[in-house]
Structures are given as C-alpha cells and as structure tokens.
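Student: sequence and predicted structure are below.
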Amino acid sequence: MAITAVLTWYSRQMMTARRAGDQQRQEKLAEQLQAVGQDQERLSNAGLGEIARITELYTERLKALQADENN
C-alpha cells in the first residue's frame, strides 16, 4: 500500500539526515512521519470512501517524493 511506501521513504530519509547531522531536516521529517502514522491509524477505522481518499493521497505523495528524489 502507498502509505507504507511513504512511511518507509520518510524513515530512510530520516536515517540519512541523522547521519548527516541535519537537525532541521530531521525535524521536518519527524513531523511528516507523525502525520503519516496518524493517517495509517485512521485507516483501521475508515470507511471505503476514506480509505480510497487516503490511498489516492499517498499514491500521489509517493510519486512526488520519488520524482523529487530522482531530480
């Protein structure tokens, strides 16, 4: 699922930022990780419409993250 892929992407970026000592990037990534975690929790109680909306949102976010990473 796209939300798991986005969570993994942010986690990898967090490790890279830690190794680089980039505190500002770590803080931004931590905020993003928290938001993704909250959305992932919402999925457990979501109806079909909400699941579809979150899935679409994270599919697009993953595409954007991967595009940024490749540029």
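Tutor: Nice, thanks for sending it over.
Student: please compute how far the top helix by length along the chain lies from its chain's middle.
Tutor: Identified as the longest helix of the chain according to DSSP state H is helix 48-70. Centroid separation between helix 48-70 and its chain, computed with Cα atoms, centre = their mean, to the nearest Å, is 9 Å.
Student: stretch 62-71 too?
Tutor: So, by Cα atoms, centre = their mean, the centroid of stretch 62-71 is 12 Å from its chain's centroid.
Student: with only the CA atoms kept, save it in CSV.
Tutor: Extracted as CSV, the C-alpha positions of stretch 62-71 are listed here (Å, rounded to 0.1, in the frame of the first residue of the first chain):
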residue,chain,number,x,y,z
LEU,A,62,4.8,8.8,-3.2
LYS,A,63,5.1,9.7,-6.9
ALA,A,64,6.1,13.3,-5.9
LEU,A,65,8.7,12.1,-3.4
GLN,A,66,10.2,9.7,-5.9
ALA,A,67,10.2,12.3,-8.6
ASP,A,68,12.0,14.8,-6.3
GLU,A,69,14.5,12.1,-5.3
ASN,A,70,15.3,11.4,-9.0
ASN,A,71,15.9,15.1,-9.8
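Student: in it, what counts as buried?
Tutor: Buried residues in stretch 62-71, defined by neighbour count with 16 or more other Cβ atoms under 10 Å: 62, 65. Heads up, the C-betas are built off the backbone N, CA and C, glycines and all.
Student: residues contacting residue 18?
Tutor: residue 26 (Cβ atoms under 8 Å, 6 or more residues apart in numbering).
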